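Asks: Generate a structure from the sequence data that follows.
(chains A and B)
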There are 2 protein chains.
Amino acid sequence: MARAIELAQKGQFTTQPNPMVGCVIVKNNQIIGEGWHQVFGGDHAEIKAIKNCKKIFGTKKALQLLKGSTLYVNLEPCSITNNTPPCTDAVSHHGIKKVVCGTLDPNPKINGAGIKLLKNAGIQTVVGVLKQECEALNRIFFINHRQARPYIILKSAQSLDGKIALKNGASSWISNSASRQDTHLMRARVKGILVGKNTVLSDNPALTMRLDRKQLKLLKNAPLPQPIKIILGNLTHLKSAKNIFSNNAKVITASCSKGLSKRNLEHIQYQPKNFLQNLMKDLLERNVTSILVEGGQETLNAFIRNNLFDELVLYTAPIILGNKSLSALNLESPLGIKEASKLKLQAVETFNGDIKATYYA
Amino acid sequence: MARAIELAQKGQFTTQPNPMVGCVIVKNNQIIGEGWHQVFGGDHAEIKAIKNCKKIFGTKKALQLLKGSTLYVNLEPCSITNNTPPCTDAVSHHGIKKVVCGTLDPNPKINGAGIKLLKNAGIQTVVGVLKQECEALNRIFFINHRQARPYIILKSAQSLDGKIALKNGASSWISNSASRQDTHLMRARVKGILVGKNTVLSDNPALTMRLDRKQLKLLKNAPLPQPIKIILGNLTHLKSAKNIFSNNAKVITASCSKGLSKRNLEHIQYQPKNFLQNLMKDLLERNVTSILVEGGQETLNAFIRNNLFDELVLYTAPIILGNKSLSALNLESPLGIKEASKLKLQAVETFNGDIKATYYA
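Replies: Numbering: from 1, shown residues only, chains lettered A, B, ... in the order given. From the prediction side, this is the model:
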């Protein structure tokens, strides 16, 4: 199962809206085939592993080997036809004796139905091996199905004293180049980047992912992940925001008033009530399964206030910006320490003197 | 030299105001004796290493072995008599052929004089091996001599959003018990703990080091380090501050007005101009070679404003305290990002979800 997880991770930049899945087939304590789901729409991990077995041993020998083998997969095999035929068919068709899964599929259309089909076909099943690790691997996919919204990562760079920018707005170089390189890796892992209108108008950012296939360790033919851009607010002055249109990526604007829609630019209008919640729902419907919220301060704080986030990533630079500068977080104070919002520190990394802290909500 | 540094570190809680020194004596590529300076007033590392050699081989064999040997020591051997006779005498007396040092002694009474004496005695000398590591080991000692003040460590616990306490002052449990345990280790490394008067009056802290010999890996007969307590301001209401007198430790109060002096309590009065600088000088004269400044906010900020610190240690708890809470750092904002104070991230550790970041000034 640990190997299946390792294989699954190879698809981290390319499988969404699908989950990352890895599969290992074992016969007589030896791996006879392995595979992973490489790209949305392509073969599932189980099929890849069966094909891999055939490639290594030749079809005839492989068919003999697969009979009576055990298949390890981090997620329940699918029982439905979407882009590809159900994996449960392939499993029973090849005479695999036992299937070991990390977790059930949270998709309500499957959620146990795959296991049931396998059982009915006389296949032995085990569910829950390395369950926590398998759930952690597909946090995005589980949030999508359980919360019916994209996985939301909030990102901010701040000074030692928690400031995001000087009073005059100067902030561009708070974090160092190594940290900024790392944020491109974060961009590569999500389907959308969300910022407030003011950030677009004042900084005119491109909001593109600037790493290449080699840096992402992608297969040669894999699509380069390029998130769509989501802007909170109307873009009435397109000229001062032209960089976000530079790579022909899709742009979505969302506000409470009417807005411009044209090629690559979609505007969605909302009522003020549950604005963010409704936007999140619409994003998921458009297969935006994960977003990185990059600022500005008001936008970040709105997500925290609405308790709409899964991760908060803070880069802290070793610099002091002082009491007249803008705070990165500007939230209501709790009545007492016990009532304060608490997060869970998930990881700490350093980038040339900057600290990156990843918190789970 | 790396072994000498390793040995030297064993004295970290007990040598001040002396430096940490380790010594290794080598003959024919084999270590024939090693030692470290264990406690202020006790044998220096070189003497310990020579005694160690005699203990292992017996005096007669040791005297033969020491002749023509090479001695490694992280700091220049002393050329003066303080509590103990000069080490240079012992070195030449035993016929040691070569002395390899990490750094010169920054004490102006020695600073090269030890090396000169050795050279005059016909001993080969090398200075500067693992120089950076040897300087880092004795940062306290080097600051004492170069800046004529104690080594100053500022410590604060803050929330994710840089707050030290709620508006009502509630702060006791921002950091977790593992972090607080770690601060006792920091207390064990310094000769004094400094806080503002308000902290003493509102919290009535004991300001003691609460680890035992075993936790500090001290030798059985080594003195347990217990820092003296320094209070900025007058203690007019001794009753509400009685905990700081609990373990008979020395207390120094410093203010611009007259104050009470009695057994264990010394008051020093200063002019407002260069208050902190003059206090630091007086502390060093009283052998307070290092201090840990624990708060409150005004006290910490005064040290930063005066650029009077060597380390800033920030514990960050995964909690949000909001915009009405008190900021840990409350300093003037710079005119531009380029003018902002920059520190150097030295180390990052985690304690059950708290992040400890150590910055050098």
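
Asks: Please identify the residues of the stretch 251-361 of chain A in proximity to chain B?
Replies: Within the stretch 251-361 of chain A, the positions near chain B by CB under 8 Å from any CB of the partner chain are A:304, A:312, A:314, A:316, A:318-325, A:327-334, A:336-337, A:340-345, A:348, A:350, A:353-355, A:357, A:359. C-beta here means a position set from N, CA and C on the backbone, and glycine is covered the same way.

Asks: among those residues, which ones are buried?
Replies: A:304, A:312, A:314, A:316, A:318-322, A:325, A:327-331, A:333-334, A:337, A:340-343, A:345, A:348, A:353-355, A:357, A:359 (16 or more other CB atoms under 10 Å in any protein chain shown).

Asks: For A:Ala188, give its distance to A:Asp203.
Replies: 21 Å (CB to CB, to the nearest Å).

Asks: do the same with A:Lys338
Replies: According to CB to CB, A:Lys338 stands 39 Å off from A:Asp203.

Asks: Looking at the two, which one has more neighbours?
Replies: A:Asp203 (17 against 9; other CB atoms under 10 Å in any protein chain shown).

Asks: pLDDT score for the residue of the stretch 51-200 of chain A found nearest chain B?
Replies: As assessed by CB to the nearest CB, chain B sits closest to A:Gly162 within the stretch 51-200 of chain A, at 2.9 Å. pLDDT recorded at A:Gly162 is 91.

Asks: Which residue, neighbours along the chain excluded, lies closest to it?
Replies: Using CB to CB, 6 or more residues apart in numbering or on different chains and skipping the chain neighbours, the partner closest in space to A:Gly162 is B:Gly162 (2.9 Å).

Asks: For that neighbour, give me its contacts.
Replies: By CB atoms under 8 Å, 6 or more residues apart in numbering or on different chains, B:Gly162 lies in contact with A:Gln158, A:Leu160, A:Asp161, A:Gly162, A:Lys163, A:Ser327, B:Ser327, B:Ala328, B:Leu329.

Asks: rewinding a little: let's see which of the residues of the stretch 251-361 of chain A next to chain B end up in strands.
Replies: Among these, the members found in strands (DSSP state E) are A:312, A:314, A:316, A:319-320, A:327, A:341-342, A:344-345, A:348, A:350, A:354-355, A:357, A:359.

Asks: surely A:Leu137 meets A:Gln12?
Replies: No. Using CB atoms under 8 Å, A:Leu137 makes no contact with A:Gln12, being 9.0 Å away.

Asks: more neighbours, these two?
Replies: Legend: neighbour count by other CB under 10 Å for A:Leu137 and A:Gln12, higher for A:Leu137 (25 against 17).

Asks: From A:His94, how far out is A:Ile50?
Replies: From A:Ile50 to A:His94 the distance is 6 Å (CB to CB).

Asks: Need the overlap of contacts for these two.
Replies: In contact with both A:Ile50 and A:His94: A:Leu66, using CB under 8 Å, 6+ apart.

Asks: which element is A:Asn144 on?
Replies: In this structure, A:Asn144 is located in helix A:139-147 according to DSSP states H and E.

Asks: Now do that helix: which elements does it pack against?
Replies: strand A:151-159 (3 or more CB pairs under 8 Å, 6 or more residues apart in numbering or on different chains; DSSP states H and E).

Asks: got the buried residues for the helix or strand following the strand it packs on?
Replies: Using DSSP H and E, the helix or strand that directly follows strand A:151-159 along the chain is strand A:163-165. For strand A:163-165, a neighbour-count test (16+ other CB under 10 Å) marks A:Lys163, A:Ile164, A:Ala165 as buried.

Asks: Touching, A:Ala241 and A:Ser202? I think so.
Replies: No. With contact defined as CB under 8 Å, A:Ala241 does not reach A:Ser202; the gap is 9.8 Å.

Asks: higher neighbour count, these two?
Replies: Of the pair A:Ala241 and A:Ser202, A:Ala241 is the one with more neighbours under other CB under 10 Å, namely 22 against 13.

Asks: what about that one, which SS state?
Replies: Put simply, A:Ala241 is helix when judged by DSSP: H, G, I helix; E, B strand; the rest coil.

Asks: low-scoring stretches of chain A, by residue?
Replies: A:170-173, A:237-238 (pLDDT under 70).

Asks: domains in it, as residue ranges please.
Replies: A:1-140, A:149-360 (the TED database).

Asks: element containing the closest residue to A:Asp354 other than its chain neighbours, please.
Replies: Distance criterion CB to CB, 6+ apart; nearest residue to A:Asp354, sequence neighbours excluded, is A:Ser179 at 4.4 Å. Per DSSP H and E: A:Ser179 is located in helix A:177-188.

Asks: Tell me the buried residues in that helix?
Replies: A:Ser179, A:Arg180, A:Asp182, A:Thr183, A:Met186, A:Arg187, A:Ala188.

Asks: can you tell me which of those residues lies nearest to A:Gly68?
Replies: A:Ala188 (40.8 Å; CB to CB).

Asks: give the contact list for the closest one.
Replies: A:Phe13, A:Met209, A:Leu211, A:Leu216, A:Pro225.

Asks: Would you agree the third one is in contact with A:Met186?
Replies: No. Counting by CB under 8 Å, A:Leu211 sits too far from A:Met186 to count as a contact (10.5 Å).

Asks: May I have stretch A:155-165 as CSV, with CA atoms only?
Replies: Extracted in CSV, the C-alpha atoms of stretch A:155-165 (Å, rounded to 0.1, in the frame of the first residue of the first chain):
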residue,chain,number,x,y,z
LYS,A,155,-1.5,31.8,1.2
SER,A,156,0.2,34.8,2.6
ALA,A,157,3.7,36.2,2.9
GLN,A,158,4.3,38.2,6.1
SER,A,159,7.0,39.9,8.1
LEU,A,160,8.2,38.7,11.5
ASP,A,161,5.6,41.0,13.0
GLY,A,162,2.8,39.7,10.9
LYS,A,163,2.6,42.5,8.3
ILE,A,164,1.8,42.0,4.7
ALA,A,165,2.9,45.4,3.3
